[in-house]
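return a 3D structure for these sequence lines:
(chains A and B)
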Amino acid sequence: MIPDTAVPLAIAGVSHSYGARQALDDVSFEVLPGRVTMLLGPNGAGKTTLFALITRLFDMTAGSISILGRDLAATGAAALAPLGVVFQQPTLDLDLTVTANLRYSTALHGLAPAEARARIAAELARIGLEARADDKVRALNGGHRRRVEIARALLHRPRLLVLDEPTVGLDLPTRKALVAHLHGLARDHGLAVLWTTHLIDEVEADDALVLLSRGRIVATGRRDEVIAAAGAADLAGAFAALTRATEAA
Amino acid sequence: MTPVHALRALNGVVARELARFLGQYTRLAGSLVRPLLWLVVFAAGFRAALGLSITEPYQTYITYEIYVVPGLVGMVLLFAAMQGALSMVFDREMGSMRVLLLAPLPRPFLLFAKLVAITIVAVAQAYAFLAIAWLWGVDFPAAGFLTVLPAAILAALMLAAVGLLLSALIKQLENFAGVMNFIIFPAFFLSSALYPLWKMQESSEALALVCRLNPFTHAVELIRFALYGRVDALGLAVTTATLAIAFALACWAYDPGRGFRPARGGD
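Okay, the predicted model is just below:
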């Protein structure tokens, strides 16, 4: 039983390297419930590596990651149960229907068929795609596919949702709708959200920020705090100044 | 992992594999056309050229069509298993493999579920071929349909485990053509699927030895004996051992400690 007070995601002293190349260096931060934490960083900052470690696609070389108090390295796959994931790369099976894709996910999470059917219907209604339930994913546009992926990540009612650049390739209105949708999930349902991105316009005022550059954390805090710490006029300026300083070091 | 959770996950993986297979009509047709071409066309020519003496498990002289059917069942299983491996490489390239590996279940179990799913699809294809061969007039005991089932399942599991291992080792989808040339064709032609080993030995001792060392030979012999209600002890031992070794290596190859190749475009 996971206590309600457990921190959804605690990352402590995580380092990882690919051979001689250091991808992450002593990264530590926490993701809290009811809050969107934006992991910002330019391309090559190590965001996707950190994402792969959180989702246990590979093991880290140093440090620890705990999901709701359960250490990922010690607990193994079972620690992933309260985790919902949206990958940067689309992961839906294009040749299966929307429902078949969602059913596959509920089966992997061990949901009973009747419960799975009810949750799938509810999630599809929530994202406004009930009429497309029996369509093959191939027939959906990019924005709808993303919505289905987010719906899939929520089917087993996770307490922590992690998303790796979920808006890549989407048009501006769809991006804005997704940003609003996910902030609503955090605010209204107490979901902890970790969102990796390099698009600073996706950050809202109350979001917790973690700024990553060349594998190291260069700033944390709310938007205004990060801007003030960098002595910049806005977040774009702070982002540029902080990442430039790391690259020059 | 509770048994109910495991069963539901297994069911989900099998249902997905079946849905994908049934949605690809050309794959089903292709899996049957290949062995039927051997049975109907090549066997007609080989029948005249090849003289077959009485060998176990046969009690009398047999036609080449009767000899080749177990080998062609093996061929169906071999290609189905490699198709399963190809779909795993494809899933990895397309990203959908991550959905499987992210399930809160031990990774060896997830790989086992995939193994079972590929095996079910492969055995279903093998039975479709056997039924057509029977209707074509190839004579084997009707009870063989039942007695061959455990052998076909074990052979399919072994081949699927080898495919699973290959899918972990193949870095790109484009490299799969190499598997055809370096794995599937040698495994098939350097076996007892198309001609008995004593016939091969008459031509080349060395090639006959390679055939004997080929696990696919033993899978085919296991099927051949099972079709006549008998157990080939050596075939059973080699097939089981190969299954165990290939599956253990596949689990090692997919271990998070070794890393799952990041998708293209990540950092």
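
hey, where'd the helices end up in chain A?
Here chain A has its helices, by DSSP state H, at A:47-54, A:72-75, A:98-108, A:113-126, A:142-154, A:172-189, A:223-230, A:235-248.

mean pLDDT and distance to A:V27 added to those, as CSV?
Bear in mind the C-beta positions are built from the backbone N, C-alpha and C, glycine included. Listed next are those as CSV, based on pLDDT from 0 to 100; distance: least, C-beta to C-beta, whole Å:
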stretch, mean pLDDT, distance to A:V27
helix A:47-54, 89, 6
helix A:72-75, 88, 14
helix A:98-108, 95, 29
helix A:113-126, 93, 32
helix A:142-154, 89, 23
helix A:172-189, 85, 22
helix A:223-230, 87, 17
helix A:235-248, 78, 13
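
so of those helices, which one's packed in deepest?
The highest average neighbour count among the helices of chain A, using mean count of other C-beta atoms under 10 Å in any protein chain shown, belongs to helix A:47-54 at a mean of 25.

distance from it to the middle of the chain?
Relative to the centre of its chain, helix A:47-54 is centred 10 Å away, using C-alpha atoms, centre = their mean, to the nearest Å.

and if you look at stretch A:143-160?
11 Å.

tell me how far stretch B:206-215 lies from the chain's centre.
On C-alpha atoms, centre = their mean, the centre of stretch B:206-215 falls 18 Å from the chain's centre.

now whichever residue of chain A sits closest to chain B. Nearest residue, chain neighbours left out?
Going by C-beta to the nearest C-beta, chain B is nearest to A:A107 of chain A, at 2.3 Å. Spatially, and ignoring its direct neighbours in sequence, A:A107 is nearest to B:G12 (2.3 Å; C-beta to C-beta, 6 or more residues apart in numbering or on different chains).

so who does the one you found touch?
With C-beta atoms under 8 Å, 6 or more residues apart in numbering or on different chains as the criterion, the residues that contact B:G12 are A:R103, A:Y104, A:T106, A:A107, A:L108.

return the distance of it relative to A:A208.
Counting by C-beta to C-beta, to the nearest Å, the gap between B:G12 and A:A208 amounts to 35 Å.

check A:E30 too.
Taking C-beta to C-beta, one finds A:E30 at 9 Å from A:A208.

ok, A:D224 next?
Distance of A:D224 to A:A208, given as C-beta to C-beta: 12 Å.

and for B:A19?
B:A19 sits 41 Å away from A:A208, going by C-beta to C-beta.

low-confidence ranges, the stretch 101-250 of chain B, go.
B:173 (pLDDT under 70).

get me the contact residues on it for chain A.
Residues of the stretch 101-250 of chain B lying near chain A by C-beta under 8 Å from any C-beta of the partner chain: B:L101, B:L102, B:A103, B:P104, B:L105, B:P106, B:R107.

what sits against the fifth one?
So the one you mean is B:L105. A:A77, A:L108, B:M1, B:H5, B:A6, B:A9.

between A:E30 and A:A208, which is the more surrounded one?
A direct count of neighbours by other C-beta atoms under 10 Å in any protein chain shown for A:E30 and A:A208 places A:A208 higher, at 22 against 18.

for the more buried one, which non-adjacent residue is spatially closest?
Nearest residue to A:A208, sequence neighbours excluded (C-beta to C-beta, 6+ apart): A:T37, at 4.4 Å.

beta partners for the one you found?
Applying DSSP bridges to A:T37 gives these bridge partners: A:L194, A:A208.

that one touches A:L211, doesn't it?
No - at 11.4 Å, A:T37 does not count as touching A:L211 under the criterion of C-beta atoms under 8 Å.

of these two, who's got more company?
Shown here are A:T37 and A:L211; by other C-beta under 10 Å, A:L211 has more neighbours (26 against 22).

can you pull the contacts of residue 240?
Since no chain was named, I'll use chain A. When contacts are counted by C-beta under 8 Å, 6+ apart, A:A240 touches A:A232.

not quite, go with chain B.
B:L154, B:M158.

starting at the chain centroid, how far to whichever strand or helix holds it?
Assigning secondary structure by DSSP states H and E places B:T240 in helix B:233-253. Centre-to-centre, helix B:233-253 and its host chain are 13 Å apart (C-alpha atoms, centre = their mean).

could you pull out the buried residues of it?
B:G235, B:L236, B:V238, B:T239, B:T242, B:L243, B:A246, B:F247, B:L249, B:A250, B:C251 (16 or more other C-beta atoms under 10 Å in any protein chain shown).

what's the answer for stretch A:68-84, then?
Within stretch A:68-84, judged by 16+ other C-beta under 10 Å, the buried ones are A:68, A:70, A:72-73, A:75-77, A:79-84.

now chain B against chain A: closest residue?
Here the residue of chain B nearest chain A is B:G12; by C-beta to the nearest C-beta that distance is 2.3 Å.

pretty sure that residue sits in a helix.
Yes - under DSSP: H, G, I helix; E, B strand; the rest coil, B:G12 falls within a helix.

so for it, what's the pLDDT?
Note on B:G12: pLDDT of 94.

now the residues of the stretch 101-250 of chain B next to chain A: which count as buried?
B:L101, B:L102, B:A103, B:P104, B:L105, B:R107.

which residues sit in contact with the last one?
Applying C-beta under 8 Å, 6+ apart, one finds that B:R107 lies in contact with A:A77, B:L101, B:C251, B:Y254, B:D255, B:P256.

verify the stated contact: the second one with A:L80.
Going back to what we said before, that points to B:L101. No - counting by C-beta under 8 Å, B:L101 stays clear of A:L80, with 9.6 Å between them.

find the residues that touch each one of the two.
A:R56.

return the set of buried residues in the helix or strand encompassing B:A177.
B:A177 is part of helix B:176-179, with elements assigned from DSSP H and E. The neighbour-count check on helix B:176-179 (16+ other C-beta under 10 Å) flags B:F176, B:V179 as buried.

and whichever helix or strand comes after that helix, what does it pack against?
Using DSSP H and E, the helix or strand that follows helix B:176-179 towards the C-terminus is helix B:185-189. Where contact means 3 or more C-beta pairs under 8 Å, 6 or more residues apart in numbering or on different chains; DSSP states H and E, helix B:185-189 is packed against helix B:64-94.

lovely, talk soon.
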